[in-house]
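Enquirer: Model the structure of this input:
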Amino acid sequence: MASTAPHAPILAVAAVIRRRGRVLLVRQQGPADPAPSWALPGGVAEPGESLPEALRREVAEETGLRVLDPGRLLYAAQWRRPPQAPALAFVFQVARWDGDPAPHDPDGLVLEARFVPLREAVRLLAAHPLPVMGEPAAAHLAGRATPGTLWCYGRLPNGTDLLEACLPPLPEAPPAP
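Expert: Here you go, the predicted model:
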């Protein structure tokens, strides 16, 4: 039986940066995206780059801010999407930063970076077209997930992304009134 060499996972980072009850988000649009969407600032680590180095570079490019202390790991997410390599994202709660939002994205995908009120940030992130990019961030900002949670997503043959596991599990949502 022929086997194929496993694909090395893609490593990505993102940042939760807060200021006076607001959260920094970027509005971005990729070439294949039908419309812009809001996300946490971040991106793919370059070969040989540590996660903190990638976080500092990506935040600087996408927002113009300088990360002084990456802080602690808030959560991690795995995204299996055969036949592509799986992606592993590490999201940090940035402890110290300075500067003002002014994107310098060399890829031209970031249209805007700004601090938005917490509730609006949760709503915008929950509406992200890729659940792996929006759902964990919204849950953490809303206080529904504990730091250190691992989110595992997979892509179904029809192209739909599905949450396969959340460890530890999220608490049950109270019933609607």
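Enquirer: what does the biggest helix by length in the chain rub up against?
Expert: Of all segments of type helix in the chain, defined using DSSP state H, the longest is helix 51-63. For helix 51-63, contacts defined as Cβ atoms under 8 Å, 6 or more residues apart in numbering pick out 11-15, 17, 24, 26, 28, 41-46, 49, 65-67, 70, 90, 92, 94, 97, 99, 101-106, 110, 113. No exception for glycine: its C-beta is placed from N, CA and C like everyone else's.
Enquirer: Which of the residues you listed fall in strands?
Expert: Assigned to strands by DSSP state E, the following of these qualify: 11-15, 24, 26, 28, 42-44, 66-67, 90, 92, 97, 110, 113.
Enquirer: Please pick the buried ones from the residues you listed.
Expert: 11-15, 24, 26, 28, 42-43, 67, 90, 92, 97, 110, 113 (16 or more other Cβ atoms under 10 Å).
Enquirer: Mind picking the one among these that's closest to residue 162?
Expert: Proximity of those to residue 162 (Cβ to Cβ) peaks at residue 12, which lies at 19.2 Å.
Enquirer: Tally up the residues packed near the residue nearest to the closest one when sequence neighbours are not counted, please.
Expert: Closest residue in space to residue 12, ignoring its immediate chain neighbours: residue 89 at 4.3 Å, by Cβ to Cβ, 6 or more residues apart in numbering. Residues within reach of residue 89, counting by other Cβ atoms under 10 Å, total 24.
Enquirer: Over to the one 4 residues further on?
Expert: Using other Cβ under 10 Å, the number of residues around residue 93 comes to 16.
Enquirer: all helices for the protein, in order.
Expert: Along the chain, counting by DSSP H, helices occupy 51-63, 118-126, 131-141.
Enquirer: export the ones you listed to a markdown table and tack on distance to residue 83 and mean neighbour count?
Expert: As requested, the helices of the chain are exported to a markdown table (distance: least, Cβ to Cβ, whole Å; neighbours: other Cβ atoms under 10 Å):
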| stretch | distance to residue 83 | mean neighbour count |
| --- | --- | --- |
| helix 51-63 | 25 | 21 |
| helix 118-126 | 28 | 18 |
| helix 131-141 | 17 | 22 |
